[in-house]
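Chemist: 3D model of this:
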Amino acid sequence: MSEVIRFHCEGAPRDLGLDQGRACRDAIRADAGALGFESRAPGVLRAATWLRVSRRSKRQRRIARDLARHFPHLAERTAGLASGADLPADALLALLAAELLDPMSARFEHVAASPPGLRLALRAPLPATGVVVRTTRPDGGYANLTVTRPGLAAALAGVNERGLAAAAILLAAPDAGERCQAPGVLLAEGCLERLDGVEKALEWCERRPGGGRARLVFADASGARGAIELDGEKRSRLEPAAAIGNADPVDASSGASLRIDSAARSLAIGRPGAPGQVFQL
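Modeler: Predicted coordinates for the structure are as follows:
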């Protein structure tokens, strides 16, 4: 596994996005280029980008609407990402859709307990631009250490300064007829920014909107564990023993493994049989 990029973000939501966009500019442009977007020339969009923007799908417009309505901080961060990477906002919305709606996108799966924390396996193979590790110090929120993709404002997994660990496991994209088209996996980011324990995270997720099917798993420094499954507007708590097993998830995947230590507020990411990179909040 190649070296994982780490960067730091600080401030208001748009500032957080700007910091990430600048730190990951080359990777974001590469991913956007694969979707047909190009860097913008001063004051205008290049022809290929303009054509893609003008043909933006109805579904992408609904995602943008629901992101702004239900996840305003992430909408602001996504706008900041676009500015930092010098790309049109539609490019970052398209990346968000590709990351969280495509069933073959990079994501964590096979979660297991790793007291005090979680251990997960990342679907293989990784995209060429890989995953990144981000330290975030948001205005008015808890500092957190997360793993995500270069052009994605939301965390895939991570831990905050209070010891709450969270991981978002995508099961299915929202159906076209669902009321909320913003994927429920985005809720993990809000939990890490705002909450300090498993029970609070479960209660918060029960009350918040988010489409599609997803499983959010949590652990904290006290040793508490919990999980909730989202299915459209339905929310179901899961028994930790069933949702968060104890078998090493790396045995079920050839991808990278991630260990989140709630007590140490750290992440370790690597491949089976190889020393991992350790990151500390």
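
Chemist: ok, Glu201 - contacts?
Modeler: Not quite, residue 201 is Ala, not Glu. Contacts for Ala201 (C-beta atoms under 8 Å, 6 or more residues apart in numbering) come out as Leu164, Ala166, Cys191, Leu195, Leu216, Phe218, Gly226. C-beta here means a position set from N, CA and C on the backbone, and glycine is covered the same way.

Chemist: and the helix or strand harbouring the third one, what does it pack onto?
Modeler: Remark: Cys191 resides in helix 187-194, with elements defined by DSSP states H and E. Packed against helix 187-194, as judged by 3 or more C-beta pairs under 8 Å, 6 or more residues apart in numbering; DSSP states H and E, are the following elements: helix 72-85, strand 144-148, strand 157-160, strand 165-172, helix 198-207, strand 213-219.

Chemist: now it: mean pLDDT?
Modeler: Across helix 187-194, the average pLDDT comes to 96.

Chemist: quick thing: my sequence starts at 667, can you match it?
Modeler: I'll keep to 667 as the first residue from here, and by that count the last item is helix 853-860.

Chemist: what's it in contact with?
Modeler: 737, 739-740, 802, 804, 807-808, 810, 812, 819-826, 830, 832-834, 867, 870-871, 874, 876, 882, 884, 896.

Chemist: Arrange the helices and strands packed on helix 853-860 in TSV, one row each, with distance to Ala848 and mean pLDDT as further columns.
Modeler: Listed next are these as TSV, based on distance: least, C-beta to C-beta, whole Å; pLDDT from 0 to 100:
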stretch	distance to Ala848	mean pLDDT
helix 738-751	8	95
strand 810-814	16	96
strand 823-826	19	96
strand 831-838	13	90
helix 864-873	14	96
strand 879-885	11	92
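
Chemist: For Asp732, find the nearest of the ones you listed.
Modeler: Of all the helices and strands packed on helix 853-860, helix 738-751 sits nearest to Asp732, with 9.4 Å by C-beta to C-beta.

Chemist: Ser749 against Asp685, yeah?
Modeler: No: counting by C-beta atoms under 8 Å, Asp685 is not a contact partner of Ser749; they are 10.8 Å apart.

Chemist: For those two, work out which one has more neighbours and name it.
Modeler: Between Ser749 and Asp685, counting by other C-beta atoms under 10 Å, Asp685 is the more crowded of the two (22 against 15).

Chemist: Next, count neighbours for the nearest residue to the more buried one once chain neighbours are set aside.
Modeler: Spatial nearest neighbour of Asp685, excluding adjacent residues (C-beta to C-beta, 6 or more residues apart in numbering): Cys675 at 4.0 Å. A count of nearby residues for Cys675, using other C-beta under 10 Å, gives 24.

Chemist: what's the answer for Pro738, then?
Modeler: Using other C-beta under 10 Å, the number of residues around Pro738 comes to 11.

Chemist: Quick one: residues contacting it.
Modeler: Going by C-beta under 8 Å, 6+ apart, Pro738 touches Pro679.

Chemist: Would you mind measuring from it to Ala820?
Modeler: Distance of Pro738 to Ala820, computed by C-beta to C-beta, to the nearest Å: 13 Å.

Chemist: what do you get for Pro781?
Modeler: Distance, Pro781 to Ala820, by C-beta to C-beta: 26 Å.

Chemist: ok, what's across the strand from Val825?
Modeler: In this entry, Val825 is beta-bridged to Leu811, Ala831, by DSSP bridges.

Chemist: That one reaches Arg925, doesn't it?
Modeler: No: assessed by C-beta under 8 Å, Val825 is found out of contact with Arg925, at 10.5 Å.

Chemist: shared neighbours, the two?
Modeler: Common neighbours of Val825 and Arg925, using C-beta under 8 Å, 6+ apart, are Gly783, Leu933.

Chemist: Tell me which of the two has more neighbours.
Modeler: Applying other C-beta under 10 Å to Val825 and Arg925 shows that Val825 carries more neighbours, namely 30 against 18.
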